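>>> pasted the sequence and its predicted model underneath.
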Amino acid sequence: MARMHWTECFPVAMLAQVRGVPTPLRHTSERPATQGSEGMNMKAARLQHRLMAILAADAAGYSRLMAIDERRTLAALDAARGVFCDATRTHGGRVVDTAGDSVLAVFGTAAGAVDAALAVQQQVAAGCTDSSEDRRLLFRIGIHLSDLLEKPDGTVYGNGVNVAARLQALALPGEISVSAAAQGALGHRLDIHFEDLGWHGIKNISEPIHAFALRPGRPRLKLADFSFDPNNGTLRGADGCVISMDSEANAVLLQLAARPGRPVTKEELLEALWPDRSVADDALARAVGDAREALGAAGFDVLKTLPGQGYMLFAGPESAPAGPMAAPARLPAPPAQLFGRASDLAAVGALLSQHRLVTIVGAGGVGKTAVALATAHARHTALRDGVAWVELAPLDDATLLPSTIAAALGLPFGGADPLPGLLSALAPLQCVIVLDNAEHLIDAVARLAVAIVGAARQVRLLVTSQAPLKVESERVCRLGGLALPLPGDNAADARHAPAIAMFIDHARATDERFEIADVDLGMVAGICARLDAMPLAIRLAASRVTMFGLRGLEARLAQRFAILAGSQRETPARQQTLRAALDWSVGLLSTTEARIFRMLGIFVGGFTLETAQAVCAETPDTELLVLDTVQSLTERSLVQCDARDPPRWRLPESAREYAIEMLDAAGEHSKVARAHAFALAIAFERAEPMQASMSDADWLAMWAPELDNLRAALDWSIAHEASLAVRLVGSATALFSMLALSQELRRRAWALEAASEHVDPWVAGRYWFARAHLQLSFGDDVMHQCAARAESIFRELGEDLWLYQALCLRAMASSDSLDAVDALIHEIDAIERHGWPARWKLPRFLLGFGVATKRRRHDDALDAAERGLQLARSCGAMAWAGHFMNQVAVAQIGLRRYGDALRTCGEGLSEADIQSPGAIVVLNGTMANCLLKLGRNPEARQALMRLFELCRSIEWRSFEYFSHVYYTLAFSERRFEAAALLLGYATAAQNRSWRGFDLVAYRNRHRVQLAKWLDAGRIEILFEQGALLAPEEVCALTLQETRRMP
């Protein structure tokens, strides 16, 4: 039948994927009216652009029915027109035209048009029940959503009318066809579903339309070779016959079919099947088993148990989409250059070849997207259906995941639940789907991934996320920071280290004149290390070099969040600044996760689970919550875990700075810092007794990583709670001493003397013992006074073990006669108990060596040193063993067994177990002394160079002990003024250090020798000046470096 004016073409851009209907826009001319154009402008002003849903209907077989029975057909047509008018009005539309056997209506929403069409088809069909099938007047209906031109008389124009008419022609009699635009605007509806009719061309319109048949009710599901109708619960086999099952098994299928591809928990099924009565524990298991039995061999493949989640039905619509997959969305451009990711790319590629779900996990800004993009480009031609890229960061509604993926692949989607349609459409495909930035939709992505992996055997998923999906089939590739130069790398190798290479490349991108001198490569490496070698942070830092310079940039890293901002317009907003990246990551945390994250920022250099619990657990009941949260933060890459056993955790430096800001903003910094200091005090009070049953190596492996935490706890408590600082000094001494950092802790301890008067006596005793112990190799008077204070306290407390230790230190430091020292030794021996740990008896042998040496009984000294060495080795106290080896060598020198002494020093320095810096210093010094006695000066100089270098790193510990060696080298090389200065220094050092030889006679003897070359007045001046020398000046004089003489 001829069509009227409503099918005429007026070019209007069609709108696809419209959700909701905006307020109509009135189209008017922007040019001011002129006399010649006034009529045209008035006419145009009466036209309006409006977004409308167009319903086009046509009676099927109208001419044939008219030829059979005109009266009956016209009556049926009039009745149908009435139904159209009533339904259109009811659902917010209006009939535009009813030419011939056609109806054209428009609606404000696609939902209104669909509801009207469903009502019309239902009523028209009900009115035909008394007619035979070949005499029924049924209608085809097409619905489209488009922008139209509307005249004041209500007529409409535009391509949308043609599209609706073409859709109507695609529909079967009594059915409805809709466009993709209308389908997308309907949202999720449970009362309808769609079947894909494919793409169809339209005359005078260049682009084809994607059409769908709209069906009432939910679609039948394909379960392997079975068909299940969720509207009535009917299960049919491949032959179409109904499969019988009991009511509970049928109810299980109905519940799971309501959410195909999604987990349904056991509790949800129990509530749905038996809402008002209790049942046996195995009732649900039996019902699920019966449902699987009805599905035959495919039962376990179709109805799966998900541990910890419930059950899932793997199903798709019975009707597969027509035709092959449309071209997927174009991949973003490949990354311009990837630094240091060759091994990561190989690992991701290998995982993706062997597994169907791979997640690239890492902190924000580590480069997950770049690695995924490079992987995608490498594979897009290797697969029949290519690679689809789905950017999830802008998506904040998890329910839109299926339709978003479908759109990226050019697949149909829509209806009440697009997931079954997506799974069905994916089933025949061979492709990789990349889901980028999934962390904010992690649970929904995990469920969808399980469904896709189960339903589409040739589809592989590559996900990027700050946390893993934690599903059974997942394989994780975790990205870390870029590699930094290795210790000892030359300049060329350092420049090729990925972090350095990336920094240089991005700095040159900002300013092509940028160059880095070889001497500055270490500074660049330090900057990158402080930024955790994260690509985003390196890129942002490099962009600031031209503004601040390298040194200025390094100095400003403490304000990293203020200065590290980018300006690349194509970069997502969350990666424009370092703060924005962390805002995104931390913004995904729960309230509890955010609280514990900011509290973990108080740790410096990492933490153990025990210390994290001690600081973050508000009550003993929440300790397990802290463990779970640390694991969650680790999975989200906000906390890093090393490979030690037991493992140790740390916040990356930028994340820690961010956490500290959060602590300050919450007003919790002081409270958390106090908890941190208490946790460290308790931990090290527990650590010290552990030395009795552990080797030095094992003990240091466990506790040395806490050094920075100890320092932070000491600094805070000294400033805010001195009594806590006193407690920390007492418990931390063992670690600082074993690391040859006694001088550092001494400086902190000196300021706490007054506070020690107001603490528990036990804490005060430990503090004074620590003060004495820290003076070893530094000064006998202070050591003696501190040991005496400790002795007094422990004697009053009846603490024999600690009294024993304090007496040993007091005797070592004593300037009394040797008879008085013998009396102390007698008391020490009387206190000693057989069952004490061997380690606590070692100071007695050190004391025995010292007393024998002062008496020049070198055989007795050698015996004491050898027994001490044997005992130290037996209990794994290798730092003590190193010192005892040095004492063996000193005794051998006293016995003039220089060759034995040299061998002893060499053996001590070559023993891998002796890791103590203090022991290495004294062994080098004694070796230098022995070499000088053997006349091997060049080798002695090398040994002293090693000694000086190590002394610099441990604040000159034991440096004064070898002052006589420095003089000996200078004198033997006939550098007499330098020798006089060094002899003056050695004399002053003797007054500060109890350990040196008796240098009074030694000095007088050499004064006579120096008098042969220098006059007496000059010697006295040089002695006075030498007593004031600083360690570095002593090093220069000893090794004959240039020094301006006074």
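Great, that's in hand.
>>> center of this structure, which residue is that?
Central residue of the chain (CA atoms, centre = their mean): Ser637, 1.0 Å from the mean position.
>>> that one: what's it in contact with?
Counting by CB atoms under 8 Å, 6 or more residues apart in numbering, Ser637 makes contact with 361-364, 366, 466-467, 478, 585. For the C-beta atoms, the positions are set from N, CA and C on the backbone; glycine is no exception.
>>> can you pick out the most distant pair from these?
With distances taken as CB to CB, the most widely separated pair in those is Arg478 and Ser585, at 15.2 Å.
>>> settle it for me: which of those two has more neighbours?
Ser585 (23 against 17; other CB atoms under 10 Å).
>>> who are the packing partners of the helix or strand hosting Pro938?
Element membership for Pro938 (DSSP states H and E) is helix 937-953. Secondary-structure packing of helix 937-953 (3 or more CB pairs under 8 Å, 6 or more residues apart in numbering; DSSP states H and E): helix 917-933, helix 963-972, helix 1031-1038.
>>> show me how far that helix is from its chain's centre.
44 Å (CA atoms, centre = their mean, to the nearest Å).
>>> ditto for stretch 962-981
57 Å.
>>> what distance separates the start and the end of it?
15 Å (CA to CA, to the nearest Å).
>>> next, the buried residues of that stretch.
Using 16 or more other CB atoms under 10 Å as the test for burial, stretch 962-981 gives 962-971, 975-981.
>>> contacts for that stretch, please.
So stretch 962-981 is contacted by 922, 925-926, 928-929, 932, 937, 940-941, 944, 947, 982-983, 985-986, 989-990, 996-997, 999, 1002, 1006, 1009-1010, 1013-1014, 1018-1019, 1022-1023, 1025-1026, 1029, 1034, 1037-1038, 1040, 1045 (CB under 8 Å, 6+ apart).
>>> which PyMOL command selects the buried ones in these?
The following PyMOL line selects those of the contacts of stretch 962-981 that are buried, judged by 16+ other CB under 10 Å:
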select buried, resi 922+925+926+928+929+932+940+941+944+947+982+983+985+986+989+990+996+997+999+1002+1006+1010+1014+1019+1022+1023+1025+1026+1029+1034+1037+1038
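>>> need the strands for the stretch 451-600 of the chain, in chain order.
Ranges of strands in the stretch 451-600 of the chain, per DSSP state E, counting those that start in this stretch, are 459-465, 475-478.
>>> most tightly surrounded among the ones you listed?
With neighbours taken as mean count of other CB atoms under 10 Å, those reach their highest mean count in strand 459-465, at a mean of 25.
>>> what lies in contact with that one?
Residues contacting strand 459-465 (CB under 8 Å, 6+ apart): 348, 352, 355-361, 368-369, 371-372, 375-376, 426, 429-439, 442, 445, 449, 452-453, 469.
>>> do you know how far the nearest residue to Thr629 once chain neighbours are set aside is from Ser654?
Among residues not flanking Thr629 along the chain, Ile596 sits closest, at 4.5 Å (CB to CB, 6 or more residues apart in numbering). According to CB to CB, to the nearest Å, Ile596 stands 18 Å off from Ser654.
>>> can you report phi and psi for Ala336?
Torsion angles at Ala336 (phi, psi; degrees, to the nearest 10) stand at phi -60, psi -40.
>>> any idea how far Leu373 is from it?
Distance from Ala336 to Leu373, by CB to CB: 11 Å.
>>> again with Gln942
55 Å.
>>> over to Asp246?
The gap separating Asp246 from Leu373 is 52 Å, by CB to CB.
>>> likewise Arg844?
Taking CB to CB, one finds Arg844 at 68 Å from Leu373.
>>> returning to what we had before: turn the contacts of Ser637 into CSV, including distance to Ser815 and pLDDT.
CSV is the format used below for these (distance: CB to CB, whole Å; pLDDT from 0 to 100):
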residue, distance to Ser815, pLDDT
Val361, 64, 95
Gly362, 62, 91
Ala363, 59, 89
Gly364, 63, 86
Val366, 61, 90
Gln466, 64, 90
Ala467, 65, 90
Arg478, 61, 93
Ser585, 62, 85
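>>> switch those residues over to CSV; also include distance to Thr853.
Formatted as CSV, the contacts of Ser637 follow (distance: CB to CB, whole Å):
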residue, distance to Thr853
Val361, 61
Gly362, 59
Ala363, 57
Gly364, 62
Val366, 59
Gln466, 63
Ala467, 63
Arg478, 57
Ser585, 62
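>>> how about the contacts made by the nearest residue to Asp511 once chain neighbours are set aside?
Spatially, and ignoring its direct neighbours in sequence, Asp511 is nearest to Thr546 (4.4 Å; CB to CB, 6+ apart). Thr546 sits next to 507, 510-511, 514 when contact means CB under 8 Å, 6+ apart.
>>> do that again at 10 Å, thanks
507-508, 510-511, 513-514, 553 (CB atoms under 10 Å, 6 or more residues apart in numbering).
>>> and if you look at Ala67?
61, 73.
>>> the more surrounded of Asp246 and Leu373?
Legend: neighbour count by other CB under 10 Å for Asp246 and Leu373, higher for Leu373 (22 against 12).
>>> backbone phi and psi for that one, please?
phi -70, psi -40.
>>> can you check Pro216 too?
With angles defined as degrees, to the nearest 10, Pro216 sits at phi -70, psi 150.
>>> pretty sure it is touching Gly174, no?
No: using CB atoms under 10 Å as the test, Pro216 is too far from Gly174 to be in contact (11.2 Å).
>>> quick one, which of these two is more surrounded?
More crowded of Pro216 and Gly174, by other CB under 10 Å: Gly174, with 16 against 13.
>>> following element in sequence after the helix or strand bottoming out on mean pLDDT in the chain, please.
The weakest-scoring helix or strand in the chain, judged by mean pLDDT, DSSP states H and E, is helix 38-45 (a mean of 47). Of the helices and strands lying after helix 38-45 in sequence (DSSP H and E), the nearest is strand 48-59.
>>> confirm that Ala105 sits in a strand.
Yes: with DSSP: H, G, I helix; E, B strand; the rest coil as the criterion, Ala105 is assigned to a strand.
>>> you'd agree it is up against Ala56?
Yes: Ala105 lies in contact with Ala56 (CB under 10 Å); the separation is 8.3 Å.
>>> touching both of those two, which residues are there?
In contact with both Ala105 and Ala56: 96-97, 141, 143, 164, using CB under 10 Å, 6+ apart.
>>> wait, which of those residues is closest to Arg539?
Using CB to CB, the shortest approach to Arg539 within the shared contacts of Ala105 and Ala56 belongs to Ile143, at 50.2 Å.
>>> torsion angles phi and psi at Cys241?
phi -80, psi 140.
>>> what's the local residue count around it?
9.
>>> show me the contacts for it.
Cys241 touches Leu235, counting by CB under 10 Å, 6+ apart.
>>> I'd like to know how far it sits from Gly142.
The separation that Cys241 has from Gly142, given CB to CB, amounts to 36 Å.
>>> what do you get for Val361?
48 Å.
>>> and those two? which has more neighbours close in?
Shown here are Val361 and Gly142; by other CB under 10 Å, Gly142 has more neighbours (25 against 22).
>>> returning to what we had before: out of the strands of the stretch 451-600 of the chain, flag the one nearest Asp863.
Per CB to CB, nearest to Asp863 of the strands of the stretch 451-600 of the chain: strand 475-478, 57.0 Å.
>>> so where's the stretch 151-300 of the chain uncertain?
Scanning the stretch 151-300 of the chain for pLDDT under 70 picks out 187-188, 190, 206, 281.
>>> quick one, helices of it?
Secondary structure of the stretch 151-300 of the chain, counting by DSSP state H, counting those that start in this stretch: helices at 159-170, 180-184, 247-257, 266-273, 283-294, 299-302.
>>> next secondary structure after the shortest one?
This means helix 299-302. Next along the chain from helix 299-302, counting by DSSP H and E, comes strand 303-306.
>>> quick one: list the elements packing against the helix or strand following that following strand.
Next in sequence after strand 303-306, counting helices and strands by DSSP H and E, comes strand 310-313. Contacts defined by 3 or more CB pairs under 10 Å, 6 or more residues apart in numbering; DSSP states H and E place strand 310-313 against helix 247-257, helix 266-273, helix 283-294, strand 303-306, helix 442-455.
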